[in-house]
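Asker: build the 3D model from these lines:
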Amino acid sequence: MNRTNTVLMGTVVGVAAAYVLSVFIFTFIDLINVTSAERTIVFDTLDLIDGSIIPDSLREAYWSLIGLYTDNISDESTFVAVMFMIGFVWVLIGIASEPTRNVSGERSNPKQYLFTSRPRSFIKCMMIPWNSLTWMWSMKKVPVILPIIFIPFILPFAVLMDILMIPLFLLLKGIMDLRIKVASKKEKKIYDKNTQYAVCPKCKRNFYQPNIKCKCGLIVQYPVPDVHGVSYHTCNKGHKLPCRSSDGGRSKLQAVCPFCKRDIKTRDAKPLVISMVGAVGAGKTTMMLSAIESISVVAKGKGIVTEIASEGISPETQALKGSVTSTMSGELDSEYFFMRSRDLLEKEVLINDISGLEFEPDGDKMLFEEYYKYNDGIIFAIDPLDVVAVHNSQSPTKGSKTTPVVTLESFYHMYTEVNGYGPNVKSTVPFAVVLTKMDNPRVRAAVNSEETPEEFLNEYGQEAFVKIVKSAFANVKFFAVSSLGEGANAMEPFKWVLSENDVDLKSKLF
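Answerer: So this is what the prediction gives:
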């Protein structure tokens, strides 16, 4: 039982038990010193509350029951006193028993409840003085007949304790319910403003909050102020789980995707999802690595910490960006990293680097439903060398699978089908069209011969591509980037997409 529950239970049970203990002491003394006809001290104690509230008939019936135990007993007073003492001990056993202390949660969410918020908490509280019976019943090798024998001597102390606990329990329950309501509302407001939802980089699904894996291995629901605690939760094995975002402790917990059940990181950070599209060899992966490297450098200069969370974009991989191999086909894990500082709420950037093979017009296509369902931006990479080669080709099949139009149509078919867009719907997701490989002198010369990247595409036969993009997306911007060398500026399209989605990043990083 955690500290909060110990305090709650100690307040309710401790006050009642202390009073009942005083009753027991005076009862024990009087039962030894008075005759059997005057043995009414146990019930007379209740007279102190509100006059004589115990009917005489009930008193007589009770002492008649006690009389069944005293038949043929020579020293009746001492015997009854000892029996009441044993009855009081059984009440103490009930208070200290496992049923009283058990606040464990169910298997689906194995966290301890607050003492005042357990399922059927009022009934369980009223059962505390009687829990010696419950406890013995659960211990199959110990006959429950033992406490049953002493029920008449348990009865007055247990009833008195129950009467005293009712107002104490209801008062504390009211206070705790109010605290939970206020804290929960405040925490939800903070989460909805700063985080909003989480995304799994493995199965790509989004969800309001992840599950959490405790250090003992138990999988529990995301800790927020509720019936399990206001400041922290406690798993069934006794480990603390912070449930507020203000202290930063919750962001360090191991998150688990509620769908694929795999370990992930969320950090209580707002997710920003970018999907990369382009033909095979368009330079998507190299551009991504170069962009992340540049973002990390810029962030460091502004006091912002960048934490790389996936191996595919690690500093070691960034150093090899000039020799990366083509991205494998199929559904891959998202690459992701975090950014935070003293004056910047933590952000999570997820990048879906999808193989160009998936945009080929032939063969069975994967829909990548989750890739395209929760995008904050799309970066479409184009190799200018392919554009020039196709434009200059005399082949009757120059409209090959490597053209931007074909790649775009393949992508857009999946994108609209996943999102359920009709033919006249214009997506508001920022769409960056990026001419890559500007570090190549031939590419640079060809692109720079035109005023803008958009003009380059129009000049080299890609008017249809430009027209389709602008008709399908409301927010389009064209870039020409170099991913290698001193003039690397691959960060620019990523910078634009992130800035379009997050005011904090725009003002504090870019």
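Asker: Val159 - how many residues pack around it?
Answerer: A count of nearby residues for Val159, using other Cβ atoms under 10 Å, gives 16. For the C-beta atoms, the positions are set from N, CA and C on the backbone; glycine is no exception.
Asker: how about Val264, what does it touch?
Answerer: For residue 264 the amino acid is Ile, not Val. Applying Cβ atoms under 8 Å, 6 or more residues apart in numbering, we find Ile264 in contact with 200-202, 210, 255-257.
Asker: beta-bridge partners for it, please?
Answerer: Ala255 (DSSP bridges).
Asker: ok, it to Cys257 distance?
Answerer: Here the distance between Ile264 and Cys257 works out to 5 Å (Cβ to Cβ, to the nearest Å).
Asker: which neighbours do the two share?
Answerer: 200, 202, 210.
Asker: for Val305, see how far away Asp386 is.
Answerer: Relative to Val305, Asp386 is positioned 39 Å away (criterion: Cβ to Cβ).
Asker: re the thing from before, by neighbours, which of the shared contacts of Ile264 and Cys257 wins?
Answerer: Highest neighbour count within those: Cys200, with 25 neighbours (other Cβ under 10 Å).
Asker: most centrally placed residue in the protein?
Answerer: For the chain, Tyr222 is the residue whose C-alpha lies nearest the centre (Cα atoms, centre = their mean; 3.1 Å).
Asker: surely Met414 meets Lys373?
Answerer: No. If you go by Cβ atoms under 8 Å, Met414 and Lys373 don't touch, sitting 10.8 Å apart.
Asker: so those two - more neighbours on which side?
Answerer: Set Met414 next to Lys373 and count neighbours by other Cβ under 10 Å: Met414 wins out with 20 against 15.
Asker: wait, is that one part of a helix?
Answerer: Yes. Counting by DSSP: H, G, I helix; E, B strand; the rest coil, Met414 falls inside a helix.
Asker: use 787 as the first number for this chain going forward.
Answerer: With the count now opening at 787, the last piece we talked about shows up as Met1200.
Asker: show me what the closest residue to Phe1217 other than its chain neighbours is bridged to.
Answerer: Spatial nearest neighbour of Phe1217, chain neighbours left out: Phe1259 (4.0 Å); criterion: Cβ to Cβ, 6 or more residues apart in numbering. Counting by DSSP bridges, Phe1259 forms beta bridges with Ser1213.
Asker: isn't Phe1259 right up against Ser1213?
Answerer: Yes. Assessed by Cβ under 8 Å, Phe1259 is found in contact with Ser1213 at 5.1 Å.
Asker: more neighbours: which of the two?
Answerer: Counted by other Cβ under 10 Å, Phe1259 and Ser1213 do not tie: Phe1259 has more neighbours, with 21 against 17.
Asker: contacts only, for the more buried one.
Answerer: Phe1259 sits next to 1164, 1212-1215, 1217 when contact means Cβ under 8 Å, 6+ apart.
Asker: same thing but at 7 Å, please
Answerer: 1212-1213, 1215, 1217 (Cβ atoms under 7 Å, 6 or more residues apart in numbering).
Asker: just the buried ones from those residues, in PyMOL syntax?
Answerer: Selection command for PyMOL covering only the buried members of these, criterion 16 or more other Cβ atoms under 10 Å:
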select buried, resi 1213+1215+1217
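Asker: give the next helix or strand downstream of the helix of greatest length in the chain.
Answerer: Longest helix in the chain, counting residues (DSSP state H): helix 937-980. Next helix or strand after helix 937-980 toward the C-terminus (DSSP states H and E): strand 984-985.
Asker: just to revisit the earlier point, farthest pair within the contacts of Ile1050?
Answerer: Farthest pair in these (Cβ to Cβ) is Pro987 and Val1042. Separation: 12.7 Å.
Asker: so which of the two has more stuff around it?
Answerer: With neighbours defined as other Cβ under 10 Å, Pro987 and Val1042 compare such that Pro987 has more, 23 against 20.
Asker: was I right about the more buried one contacting Asp1119?
Answerer: Yes. Using Cβ atoms under 7 Å, Pro987 is in contact with Asp1119, at 5.4 Å.
Asker: between these two, which contacts overlap?
Answerer: Here Pro987 and Asp1119 have Ser1096 as joint contacts, going by Cβ under 7 Å, 6+ apart.
Asker: shaky segments in this protein?
Answerer: Scanning the chain with the threshold set as pLDDT under 70 gives 813-814, 816-840, 926-928, 1113-1117, 1144, 1146-1156, 1180-1187.
Asker: ok, Val798 - contacts?
Answerer: Val798 is in contact with 911, 951, 954-955, 958, counting by Cβ under 7 Å, 6+ apart.
Asker: if we can go back for a sec, please compute how far the longest helix of the chain lies from its chain's middle.
Answerer: The chain centroid and the centroid of helix 937-980 are separated by 25 Å, computed with Cα atoms, centre = their mean, to the nearest Å.
Asker: do stretch 1026-1033 as well
Answerer: That offset, for stretch 1026-1033, works out to 11 Å (Cα atoms, centre = their mean).
Asker: which outside residues touch that stretch?
Answerer: Outside stretch 1026-1033, the residues that touch it by Cβ under 7 Å, 6+ apart are 973, 976-977, 998, 1000, 1006, 1009-1011, 1015, 1017-1021, 1035-1036, 1039, 1054.
Asker: check these for burial and list the buried ones.
Answerer: Among those, those scoring as buried are 973, 977, 998, 1000, 1006, 1009-1011, 1015, 1017-1021, 1035-1036, 1039, 1054 (criterion: 16+ other Cβ under 10 Å).
Asker: inside strands: which ones of these?
Answerer: With DSSP state E as the criterion, strands contain 998, 1006, 1018-1020 from among the buried ones among the contacts of stretch 1026-1033.
Asker: just the closest of the residues you listed to Ile1060, please.
Answerer: If you rank those by distance to Ile1060 using Cβ to Cβ, Ile998 comes first, at 26.6 Å.
Asker: from memory that closest one sits against Tyr1008, does it?
Answerer: Yes. Proximity of Ile998 to Tyr1008 meets the contact threshold set by Cβ under 7 Å, at 5.9 Å.
Asker: does Trp921 lie in a helix or a strand, and which?
Answerer: In the assignment (DSSP H and E), Trp921 maps to helix 917-924.
Asker: could you list every helix and strand in contact with that helix?
Answerer: On a contact count with 3 or more Cβ pairs under 7 Å, 6 or more residues apart in numbering; DSSP states H and E, helix 917-924 meets helix 862-882, helix 884-887, helix 931-935.
Asker: quick one: closest of those helices to Val1289.
Answerer: Of all the helices and strands packed on helix 917-924, helix 884-887 comes closest under Cβ to Cβ, at 49.8 Å.
Asker: okay but Ile940 is in contact with Gly873, surely?
Answerer: Yes. Shown here, Ile940 and Gly873 form a contact pair, counting by Cβ under 7 Å, at 4.4 Å.
Asker: ok, back up a step: between helix 862-882 and the longest helix of the chain, find me the angle.
Answerer: Relative orientation of helix 937-980 versus helix 862-882 (axes from the mean of the first three to the mean of the last three Cα atoms, to 10 degrees): 20 degrees.
Asker: just checking, what packs against helix 937-980?
Answerer: helix 789-819, helix 827-836, helix 862-882, helix 907-912.
Asker: next, the angle from it to helix 917-924.
Answerer: Put simply, helix 937-980 runs at 90 degrees to helix 917-924, going by the same axes, to 10 degrees.
Asker: skipping adjacent residues, who's closest to Ser1235 in space?
Answerer: Distance criterion Cβ to Cβ, 6+ apart; nearest residue to Ser1235, sequence neighbours excluded, is Phe1242 at 7.8 Å.
Asker: how many neighbours does that neighbour have?
Answerer: As a burial measure, Phe1242 scores 23 neighbours (other Cβ under 10 Å).
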